[in-house]
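S.K.: Make a model of this:
(one chain, ligands or ions: 1)
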Amino acid sequence: MTLLRLDGVSVRFGDRAVVDAVDLEVAEHEIVCVLGPSGSGKSTLLRVVAGLQPVSAGRVLLGDADQAAVPVHRRGVGLMFQDHQLFPHRDVGGNVAFGLRMRGASGGSSAARVEELLELVGLPGAGRRAVASLSGGEQQRVALARALAPSPRLLMLDEPLGQLDRGLRERLVVELRSLFSRLGTTVLAVTHDQGEAFALADRVVVMRDGRIAQAGTPLEVWQRPASEFVARFLGFENVVPATVSGGAAATPWGKVPVPAGAPEGERRLLIRPVGVRLEAAGTDGLSCEVASRTFRGTHVALLLRPGAGPVLEAECSLAGAPAVGDRVRVSFTPSEVVVLPDGP
Ligand SMILES: Nc1ncnc2c1ncn2[C@@H]1O[C@H](COP(=O)(O)OP(=O)(O)OP(=O)(O)O)[C@@H](O)[C@H]1O
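M.R.: So this is what the prediction gives:
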């Protein structure tokens, strides 16, 4: 069942549409992550759903009810922002209890519920600790407990792990996902970090200039970016113009095989680095010079400079990785080639 629906929502500041005719549905129990570069309108979209930002056009429906006349505190949505805004003068329990009081819980039931929520976020018994004595990650958990306290029907997260270091973010994102699926929480989150979005979401929505550039499961978006913009936003650099016909593409790197059924004509073509194969010396293939080589833990990332066309990103295994300055020959794996359906 659909819990949240946006119908043609626009927000204009002056003559600029920061959110431009956005349609979006979030099903009950679904985790949707809105992803996009800075300024693409993600936070504004969240603020619209929360009721903090009036729309210039369109409708917001929660559980089929139009929210136009519903104030923030009556929407039943929980909010957790980037800077987690804990009250520094209250202890941990006081911060979480604040979330409960938003819903009008009584003192007795509130103490038990605060402890339950702290256990839920992995901070059992931390109720009396001062907020200032907590690490960044622990503060994030307290903010989450506070946001979950009133059992919101929709939880909204704005860059929930933005301030934390990468290792901690990677761990917390896994915890969040399992917590939300255990609780059956419906989540609309916003992040500019694609790794975070892909790890957390059932569905990702990529925004560009106030519009939805692509929506789909993480796997769909990763495997089949809809445009050069999405491909580059995901960190893929091997994107070139191409003329596709008869199972192959003419590109600045020469002829590249494309998967069966790929769209034909003048297109943009993406080759994932893992699809750039190093061939044995003396074989056919595009001749390149190794311009750089970076150790990435599980593989080596190479930048290859061909005789013509832009540099190519490639990946190879640790064993037998060529050295900077070596000449190599490469060929392309069709299953790692994507003919992008939309323009730039
Ligand atoms: N009240 C406002 N008045 C004028 N412009 C605004 C207002 N609020 C936001 N904007 C502009 O709208 C655009 C989108 O802002 P928004 O915060 O939604 O983007 P975002 O995708 O969340 O970016 P970030 O990742 O940097 O937070 C920005 O260019 C911003 O400057």
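
S.K.: what residues does this protein put near the ligand?
M.R.: Neighbours of the ligand within the chain, by C-beta under 6 Å from any ligand atom: 13, 18, 36, 38, 39, 40, 41, 42, 43, 44, 192. The C-beta positions use only the backbone N, C-alpha and C, and glycine is treated the same way.

S.K.: Select from those every entry located in helices.
M.R.: 42, 43, 44 (DSSP state H).

S.K.: what about the second one, how many neighbours?
M.R.: Neighbour count of residue 43, defined by other C-beta atoms under 10 Å: 19.

S.K.: how about the residue nearest to residue 334 when sequence neighbours are not counted, what does it touch?
M.R.: Nearest residue to residue 334, sequence neighbours excluded (C-beta to C-beta, 6 or more residues apart in numbering): residue 257, at 4.2 Å. Contacts for residue 257 (C-beta atoms under 8 Å, 6 or more residues apart in numbering) come out as 247, 248, 249, 332, 334, 337.

S.K.: from what I can see the last one touches residue 253, true?
M.R.: So that's residue 337. No. Using C-beta atoms under 8 Å as the test, residue 337 is too far from residue 253 to be in contact (11.0 Å).

S.K.: can the ones in helices among the residues of the chain next to the ligand go into TSV with extra columns for pLDDT?
M.R.: Output for those, formatted as TSV (pLDDT from 0 to 100):
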residue	pLDDT
42	94
43	92
44	94
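
S.K.: Filter the residues of the chain next to the ligand down to the buried ones.
M.R.: Buried members of the residues of the chain next to the ligand, counted by 16 or more other C-beta atoms under 10 Å: 18, 36, 40, 41, 42, 43, 44, 192.

S.K.: Residue 31 and residue 205 touch, don't they?
M.R.: No. At 11.5 Å, residue 31 does not count as touching residue 205 under the criterion of C-beta under 8 Å.

S.K.: Closest residue of the stretch 201-344 of the chain to the ligand?
M.R.: Among the residues of the stretch 201-344 of the chain, residue 207 lies closest to the ligand, at 6.7 Å counting by C-beta to the nearest ligand atom.

S.K.: Not counting residues beside it along the chain, what's closest to residue 263?
M.R.: Using C-beta to C-beta, 6+ apart, the closest residue to residue 263 is residue 339 (5.4 Å).

S.K.: what's the burial count for the one you found?
M.R.: 20.

S.K.: same question, residue 169
M.R.: Count around residue 169 with other C-beta under 10 Å applied: 21.

S.K.: Kindly report the same for residue 204.
M.R.: Using other C-beta under 10 Å: residue 204 sits among 25 other residues.

S.K.: for the record, mean pLDDT for the strand or helix carrying it?
M.R.: For residue 204, the element it lies in under DSSP states H and E is strand 203-208. For strand 203-208, the mean per-residue pLDDT is 96.

S.K.: Provide the contact partners of it at residue level.
M.R.: Contacts for strand 203-208 (C-beta under 8 Å, 6+ apart): 24, 30-37, 40-42, 45, 197-198, 212-218, 221, 229-230, 233.

S.K.: Just those residues: which are in helices?
M.R.: Going by DSSP H, the helices hold 42, 45, 197, 198, 218, 221, 229, 230, 233 from those.

S.K.: Of the residues you listed, which is the most crowded?
M.R.: residue 45 (28 neighbours).

S.K.: Looking at the chain, name the residue that lies furthest from the middle.
M.R.: Going by C-alpha atoms, centre = their mean, the residue of the chain most distant from its centre is residue 282, 42.8 Å out.

S.K.: on that earlier part again, quick check: bridge partners of the residue nearest to residue 334?
M.R.: With DSSP bridges as the criterion, residue 257 is bridged to residue 248.

S.K.: Please name the residues that touch the residue in the stretch 51-200 of the chain that the ligand sits nearest to.
M.R.: The nearest approach of the stretch 51-200 of the chain to the ligand comes at residue 192, 4.9 Å away (C-beta to the nearest ligand atom). Applying C-beta under 8 Å, 6+ apart to residue 192 gives the contacts 35, 36, 37, 38, 42, 159.

S.K.: Which of these fall in strands?
M.R.: Among those, the members found in strands (DSSP state E) are residue 35.

S.K.: All good on my end, thank you.
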